[in-house]
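Engineer: next input, structure requested:
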Amino acid sequence: MDLVFPHTFVPWFRSVAPHIHAHRGKTFVVGLSGELIAAGKLESFVQDLALMQAMGIKIVLAHGFRPQLEEQLRAKGQESKFSHGMRITDPVALDCAQEAAGQLRYEIEAAFSLGLPNTPMAGASVSVISGNFVTARPVGIVDGVDFMHTGLVRKIDAMAVRRAIDTGALVMLSPFGFSHTGEAFNLSMEDVATSAAIALQADKLIFVTEVRGILQSIVQDPAKAKELEAKQHDPDVEIDQELALAEAKRLLAALPNPLQPTDTAFYLQHAVKASEGGVERVHIIPFLVDGALLMEVFTHDGVGTMIVDEKLESLREASPDDVGGILQLIEPFEQDGTLVKRSRTEIERDVAQYTVIEHDGVIFGCAALYPFPEASTAEMAALTISPSVQGQGDGERILKRIEQRARAMGLSTLFVLTTRTMHWFIKRGFAPVDPAWLPEARKRSYKWDRRSQVLVKQLK
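Structural biologist: Numbers count the residues shown, from 1 in each chain. Next up, the predicted model:
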């Protein structure tokens with residue numbers, strides 16, 4: 001045996017253990033695009049889902065079938081018809097959709113039944129349950145266009161789904177629903193997955209898609225979305241790993257209505273709807289990355305974009321009641337020299353400048369924003385995260401909130417002074433400058449004996 005292996009495997013396994021504990025017993029709704037199946041990725045995807053279920057995660061799987069339906073239509077010499085970004089499902093298209101859905105259901109169930117030795121499915125026992133969990137309603141006639149058998153989700157039978165996943169089964173939802181009159185309607189996977197996640201109040205909704213996530217460049221300049229979307233698969237173009245719900249809503253409002261699944265707004269609109277409906281975390285991840293589902297769930301950074309409602313993290317501006325908690329948080333870092341010492345009087349005086357993040361009523365992170373409007377800049381000071389929660393993204397969340405506050409003031413840059421965390425800031429877009437760059441008012445209070453590094457980030 002390679003003696004190096006235990007030294008790489010053991011630390012890795014220990015590093016994912018907190019995520020395993022955190023997710024045990026939680027409910028995840030996974031939206032699977034039909035493109036993943038068409039790309040031949042079903043077997044490895046099913047293996048990853050089975051591993052997640054073995055770790056105690058309750059899974060509801062909603063699958064799509066866009067390319068499979070297109071193939072059925074072409075085989076019958078028919079062309080797809082779309083309007084308002086939705087498929088028009090005539091009787092022929094409905095028959096094709098039913099055939100495609102039936103074939104995919106067979107393939108997915110067969111994949112979960114594999115138990116070959118020396119594979120991740122060896123010893124796995126995954127029961128897949130599907131049924132009439134989805135009640136649909138017709139889209140109807142919109143602007144004179146009759147969508148016929150295209151529908152929208154009216155209701156998810158959350159109680160029946162919950163009973164099934166509580167027994168250890170995996171529930172599979174096809175993109176079909178039936179009305180109270182027994183009519184069948186073709187639905188979108190995204191609508192089904194989003195509606196199911198909201199009805200179940202799922203802990204996560206994960207879209208496994210043909211896109212990598214939300215590109216940082218589009219967040220920064222949504223007006224160029226069409227141009228930038230062409231770079232979706234360029235590995236040198238970075239994605240935004242996390243978007244606050246408020247930021248996601250602003251971005252969605254600035255984007256054109258989506259027509260294709262590769263449009264930025266296509267999955268984002270469903271992510272926003274789910275987040276507003278009470279789903280704690282919504283993820284958009286690429287199926288082209290092998291193991292993307294496992295990396296997104298069991299590693300800190302993940303591989304896609306996560307949309308989160310900041311209210312769940314109690315990320316807010318500080319009040320006078322928080323002074324004691326802030327002092328208790330920063331005191332150890334003042335004692336070891338990481339932070340400049342601040343008196344209680346200073347904290348009380350400046351408490352309105354602080355942003356805090358709390359979990360269960362306890363403050364675990366903070367930072368202060370001191371504007372210098374005459375120089376169109378602001379200082380972020382006293383950024384502190386409790387050692388007990390470091391590595392969980394709270395530092396990034398506070399940084400983003402501070403940046404939002406600075407932008408709202410019309411400032412163009414944000415700067416920090418640090419003696420020990422220079423690389424953390426550089427990784428997040430800050431660049432070192434000479435202390436002479438500092439605004440005159442801040443330069444007068446700069447402590448030359450500490451030799452703090454000055455780093456600046458452009459906000460506009």
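Engineer: low-confidence stretches in the stretch 301-450 of the chain?
Structural biologist: In the predicted model, the stretch 301-450 of the chain carries pLDDT under 70 at residues 301, 310-313, 359-361.
Engineer: please enumerate the helices of it.
Structural biologist: Along the stretch 301-450 of the chain, counting by DSSP state H, counting those that start in this stretch, helices occupy 323-335, 344-350, 394-408, 422-427, 440-443.
Engineer: and the first one, how far out from the chain's middle?
Structural biologist: The chain centroid and the centroid of helix 323-335 are separated by 31 Å under C-alpha atoms, centre = their mean, to the nearest Å.
Engineer: ok, the third one next?
Structural biologist: Helix 394-408 has its C-alpha centroid displaced from the chain centroid by 18 Å (C-alpha atoms, centre = their mean).
Engineer: in it, which residues are buried?
Structural biologist: Neighbour-count burial for helix 394-408 flags Asp394, Gly395, Arg397, Ile398, Leu399, Lys400, Arg401, Ile402, Glu403, Arg405, Ala406 (criterion: 16 or more other C-beta atoms under 10 Å). Where you see a C-beta, it was placed from the backbone N, CA and C, and this is true even at glycine.
Engineer: do the last one as well
Structural biologist: Of the residues in helix 440-443, Arg442 count as buried by neighbour count, 16+ other C-beta under 10 Å.
Engineer: rewinding a little: would you turn the buried residues of helix 394-408 into TSV with distance to Arg87?
Structural biologist: Shown next, in TSV, are the buried residues of helix 394-408 (distance: C-beta to C-beta, whole Å):
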residue	distance to Arg87
Asp394	42
Gly395	44
Arg397	38
Ile398	43
Leu399	42
Lys400	37
Arg401	40
Ile402	44
Glu403	40
Arg405	43
Ala406	44
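Engineer: show me which of these is closest to Glu229.
Structural biologist: The shortest distance between Glu229 and any of those, using C-beta to C-beta, involves Lys400 and amounts to 23.2 Å.
Engineer: distance of that closest one from Val308?
Structural biologist: From Lys400 across to Val308, the span is 11 Å (C-beta to C-beta, to the nearest Å).
Engineer: quick check: neighbours shared by those two?
Structural biologist: Glu242, Ala244 (C-beta atoms under 8 Å, 6 or more residues apart in numbering).
Engineer: contact partners of the strand or helix carrying Leu455?
Structural biologist: Secondary structure assignment for Leu455, by DSSP states H and E: strand 453-458. Where contact means C-beta under 8 Å, 6+ apart, the residues beyond strand 453-458 that reach it are 377, 403, 412-419, 422, 425-426, 428-435, 437-438.
Engineer: now those: which count as buried?
Structural biologist: Buried residues within those, counting neighbours by 16+ other C-beta under 10 Å: Thr377, Glu403, Thr413, Leu414, Phe415, Val416, Leu417, Thr418, Met422, Phe425, Phe430, Leu438.
Engineer: where do the helices sit along the stretch 101-250 of the chain?
Structural biologist: 158-166, 189-200, 216-220, 225-229, 245-254.
Engineer: biggest strand in the chain by residues?
Structural biologist: Ranked by number of residues, the top strand in the chain under DSSP state E is strand 362-372.
Engineer: that one packs against which elements?
Structural biologist: Here strand 362-372 touches helix 323-335, strand 354-359, strand 377-385, helix 394-408, going by 3 or more C-beta pairs under 8 Å, 6 or more residues apart in numbering; DSSP states H and E.
Engineer: what's the most buried one of the helices of the stretch 101-250 of the chain?
Structural biologist: Among the helices of the stretch 101-250 of the chain, the stretch with the highest mean neighbour count (mean count of other C-beta atoms under 10 Å) is helix 189-200, at a mean of 25.
Engineer: quick one: it to helix 158-166, angle?
Structural biologist: Here helix 189-200 runs at an angle of 90 degrees relative to helix 158-166 (axes from the mean of the first three to the mean of the last three C-alpha atoms, to 10 degrees).
Engineer: residues in contact with helix 189-200?
Structural biologist: 27, 29-34, 60, 62-65, 133-134, 152-153, 155-156, 158, 161-162, 173-175, 177, 202, 204-205, 207, 266-267, 270, 273-274, 277-279, 282.
Engineer: distance from the chain centre to that helix, please.
Structural biologist: A distance of 15 Å separates the centroid of the chain from that of helix 189-200, by C-alpha atoms, centre = their mean.
Engineer: stretch 200-218 too?
Structural biologist: Relative to the chain's own centre, stretch 200-218 is displaced by 5 Å; criterion: C-alpha atoms, centre = their mean.
Engineer: and it, which residues are buried?
Structural biologist: Neighbour counts over stretch 200-218 (16+ other C-beta under 10 Å) mark 200, 202-218 as buried.
Engineer: where's the spatially most central residue of the chain relative to Glu296, distance?
Structural biologist: In the chain, the C-alpha nearest the mean C-alpha coordinate belongs to Met306, at 1.3 Å (C-alpha atoms, centre = their mean). Going from Met306 to Glu296 by C-beta to C-beta gives 8 Å.
Engineer: overlap in contacts of these two?
Structural biologist: His283.
Engineer: returning to that earlier point: tell me which of the helices of the stretch 301-450 of the chain sits nearest to Phe112.
Structural biologist: helix 394-408 (36.2 Å).
Engineer: what does that closest one rub up against?
Structural biologist: The set of residues external to helix 394-408 that reach it, using C-beta under 8 Å, 6+ apart, is 241-242, 244, 247, 310, 313, 315, 355, 357, 364-367, 369, 371, 378, 380, 383, 385, 414, 424, 428, 457, 459-460.
Engineer: repeat for stretch 83-90
Structural biologist: In this structure, residues lying in contact with stretch 83-90 by C-beta under 8 Å, 6+ apart are 80-82, 93, 97, 139, 142-143, 145-150, 185-186, 188, 257-259.
Engineer: buried members of those residues into ChimeraX, please.
Structural biologist: Selecting the buried subset of the contacts of stretch 83-90 in ChimeraX, with 16+ other C-beta under 10 Å as the burial test, is done by:
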select :81,93,97,139,147,148,149,150,185,186,188,258
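Engineer: among the contacts of stretch 83-90, which ones are in strands?
Structural biologist: Those of those lying in strands (DSSP E): Phe82, Val142, Val145, Asp146, Phe185, Asn186.
Engineer: let me know the closest of the residues you listed to Ala110.
Structural biologist: Here the nearest of these to Ala110, counting by C-beta to C-beta, is Asn186; it sits at 23.6 Å.
Engineer: so how far is Leu73 from the residue nearest to the closest one when sequence neighbours are not counted?
Structural biologist: In space, not counting the residues next to it along the chain, Asn186 is nearest to Thr89; the distance is 4.2 Å by C-beta to C-beta, 6 or more residues apart in numbering. The gap separating Thr89 from Leu73 is 11 Å, by C-beta to C-beta.
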